[in-house]
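[1] got a predicted model here, sequence first, then my questions.
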Amino acid sequence: MANLDSKDIDAVCGLVDDLCGICWDDSKAYLIESRLEDLVKEQGCENYQDLVRKVRAELVPGLKEQVIDAVTTNETLWFRDSSPFEAMKNKLLPELIDNKAGSVFPRRLRIWSAACSTGQEVYSIAMTLAQTLPDYKDWDIQVLGTDISPAAVEHAREGVYDHLEIGRGMDQEHLQKHFVKQGDTWKVSDDLRSMCSFHQRNLHEQFTCIGPFDIIFCRNVAIYFGDQERISLFERLAEVLTADGWIIVGSSESLASMGERWHPEQHCRASCYHPNMAAKDFV
Ligand SMILES: C[S@@+](CC[C@H](N)C(=O)[O-])C[C@H]1O[C@@H](n2cnc3c(N)ncnc32)[C@H](O)[C@@H]1O
């Protein structure tokens, strides 16, 4: 196989942008090789441009999905950054629940993990709900996890984790309470699992038949997108929030540069956002 040249890089970056909206450029040559070299070989391609042609022509069933799985970074852990879960427990949920009292659906909660990777964020949200609402089984709760990577969504849906995965942020109390040991792995309990559902979804596509949500976790994904796509994404997320709903972003992310619409509120050291609906027309 020939070495990666500038035409290969352009072709791959164009494909990755079209499939996932992820911005790669020639500084990502090492990533292209490490993520896609095996696929180029397996598919008997002459070079990376050849692989791109095959994907675009949809000649091989499932190849597009394999490329998406390979180029996405599914790094995640349990209770990542801890502060959003503290904010949920101490501020967001009590406030949302108070607001719902006397409404048509006082016991309904909808939460979306918009790039859920292999599910740790979704189940951490569900565990936080179980901890905050001891009678959670009597509530109408749904935690939706979506991600563009079919392999990550399948892993999340299965809810089975090995020692290495469990070792990243899980504490003994939650493990004993919400997981069942299966040989060398741990499986999410049926109670926790029944609160959660999973779907493959590309955040760049229209959000049809989804929401409204009380809380949206959109963490550590928009960092891979271009500026316009990032602004558009959060605009569309705001459209599927309830009137008093919250958006939570990653600890190194901020929406502050996106204009009047977005002012962070710090709760338990987490940046939480209520979109300023009055500022919509200025965006
Ligand atoms: C670094 S992980 C973050 C997981 C989790 N939110 C967290 O903070 O631990 C980023 C995830 O975004 C997903 N992703 C990337 N582009 C996406 C897109 N266009 N639509 C939906 N998910 C996407 C990847 O597949 C990956 O699982």
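    Perfect, thanks for sending it.

[2] only C-alpha atoms for contact and neighbour calcs from this point on.
    Fine.

[3] ok, for the residue most central in space within the chain, nearest residue in space, not its chain neighbours?
    Among the residues of the chain, the one closest to the centroid is residue 115, at 1.2 Å (CA atoms, centre = their mean). With CA to CA, 6 or more residues apart in numbering as the criterion, residue 115 has its nearest non-adjacent residue at 4.6 Å, and that residue is residue 147.

[4] okay, that neighbour: pLDDT?
    Looking at residue 147, its pLDDT stands at 98.

[5] from memory it sits against residue 119, does it?
    No - in terms of CA atoms under 8 Å, residue 147 does not count as a neighbour of residue 119; the distance is 9.4 Å.

[6] what about the residue nearest to residue 139 when sequence neighbours are not counted, neighbour count?
    Leaving aside its sequence neighbours, residue 139 sits nearest to residue 107 (CA to CA, 6+ apart; 5.2 Å). A count of neighbours around residue 107, defined by other CA atoms under 10 Å, yields 15.

[7] distance of residue 107 from residue 272?
    Using CA to CA, to the nearest Å, residue 107 is found at 22 Å from residue 272.

[8] if you count neighbours, what's buried in the helix or strand residue 14 falls within?
    Using DSSP states H and E, residue 14 sits in helix 6-20. Of the residues in helix 6-20, 8-16, 19-20 count as buried by neighbour count, 16 or more other CA atoms under 10 Å.

[9] over to stretch 208-222?
    211-222.

[10] same check on stretch 172-186?
    Buried positions in stretch 172-186, judged by neighbour count with 16+ other CA under 10 Å: 175, 178-179, 186.

[11] and the two most separated of the residues you listed?
    178 and 186 (9.6 Å; CA to CA).

[12] for residue 49, which three-state class applies?
    helix (DSSP: H, G, I helix; E, B strand; the rest coil).

[13] pLDDT below threshold where in the stretch 151-283 of the chain?
    280-283 (pLDDT under 70).

[14] and the strands in it?
    In the stretch 151-283 of the chain, the segments counted as strands under DSSP state E, counting those that start in this stretch are 160-161, 179-182, 185-188, 196-200, 213-217, 241-248, 264-267, 270-273.

[15] now the helix or strand hosting residue 41: how far from the chain's centre is it?
    Residue 41 belongs to helix 29-42 when assigned by DSSP H and E. Distance of helix 29-42 from the chain centroid (CA atoms, centre = their mean, to the nearest Å) equals 24 Å.

[16] shouldn't residue 122 be in contact with residue 116?
    Yes - the pair residue 122 and residue 116 passes the contact test of CA under 8 Å, sitting 6.5 Å apart.

[17] overlap in contacts of those two?
    Common contacts of residue 122 and residue 116 (CA atoms under 8 Å, 6 or more residues apart in numbering): residue 145.

[18] what parts of the stretch 151-283 of the chain come near the ligand?
    Contact residues, the stretch 151-283 of the chain versus the ligand (CA under 6 Å from any ligand atom): 201-204, 219-221.

[19] now the helices for the stretch 51-200 of the chain?
    63-71, 83-87, 93-100, 120-132, 150-158, 163-166, 172-178, 190-193 (DSSP state H, counting those that start in this stretch).

[20] list the contacts of residue 85.
    Residue 85 touches 79, 124-125, 128, counting by CA under 8 Å, 6+ apart.

[21] going by neighbour count, which of those comes out on top?
    Of those, with other CA under 10 Å as the count, residue 125 tops at 25 neighbours.

[22] ok, back up a step: thought the residue nearest to residue 139 was touching residue 98?
    No - in this structure residue 107 lies outside contact range of residue 98 using CA under 8 Å: 10.4 Å.
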